[in-house]
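K.L.:
got a predicted structure here, sequence first:
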Amino acid sequence: MTPSATVLGFPAYMKRLYAFTLVVLALSGFAQMPIFKRYYIADVPGLGWLAQYYVTHVMHYLGAALLLGLVAYAVAGWLAGRPRPRLTGAGAVRAALLVGLIVTGVLRVIKNFSGVYMSADWIVFLDMLHIALVLAYVMAAIWAAAGKKRWTTQP
């Protein structure tokens, strides 16, 4: 692999896979609200599947599993790096938001388990926090892309 094909030791295709995963998660997450049906977007030919809750639900879970795999790969690569790259300020902001998204997402999955009780207020709080973190992450990602801010820098 040539040096131009890697980004701080990670293959360049990983960045595209990460972006694709985030698009799938955003699309399937918003489809579960169900804004696509409410605003007649699902009535556009070919987009009817956006109004199918179970389709978008499974799609969101598969996207989340892929995201967890990509994050685990990146963290393991970062920990194994010699010398270890340092997170930039923009990278730290996005990492913190991503951790918040993962934690709230996992808690939202746990609430669906049999025998697990969470109060209605807590569930609403988790839902709103998850959505707020998504919007904050999107804004941080746009800000980082516009300013060409990287996740890490070499020491």
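P.N.:
Here it is on my side, so go on. Computed from a predicted model, the values in this text were never measured in an experiment. Numbering: from 1, shown residues only.

K.L.:
how far away is the most centrally placed residue in the chain from Gly115?
P.N.:
Among the residues of the chain, the smallest C-alpha distance to the mean C-alpha position (CA atoms, centre = their mean) belongs to Leu22, namely 4.8 Å. Distance of Leu22 to Gly115, given as CB to CB, to the nearest Å: 32 Å. In this view, the C-beta of every residue, glycine as well, is placed from N, C-alpha and C.

K.L.:
ditto for Asp127
P.N.:
As it turns out, when the distance is counted by CB to CB, Asp127 lies 21 Å from Gly115.

K.L.:
the more surrounded of the two?
P.N.:
Legend: neighbour count by other CB atoms under 10 Å for Asp127 and Gly115, higher for Asp127 (14 against 4).

K.L.:
helices and strands around the helix or strand containing the more buried one, which ones?
P.N.:
When secondary structure is defined by DSSP states H and E, Asp127 falls within helix 120-146. Helix 120-146 sits against helix 12-31, helix 89-110, with contacts defined as 3 or more CB pairs under 8 Å, 6 or more residues apart in numbering; DSSP states H and E.

K.L.:
next, the buried residues of it.
P.N.:
Along helix 120-146, the positions that meet the burial threshold by neighbour count (16 or more other CB atoms under 10 Å) are 126, 129-130, 133-134, 136-137, 140-141, 144.
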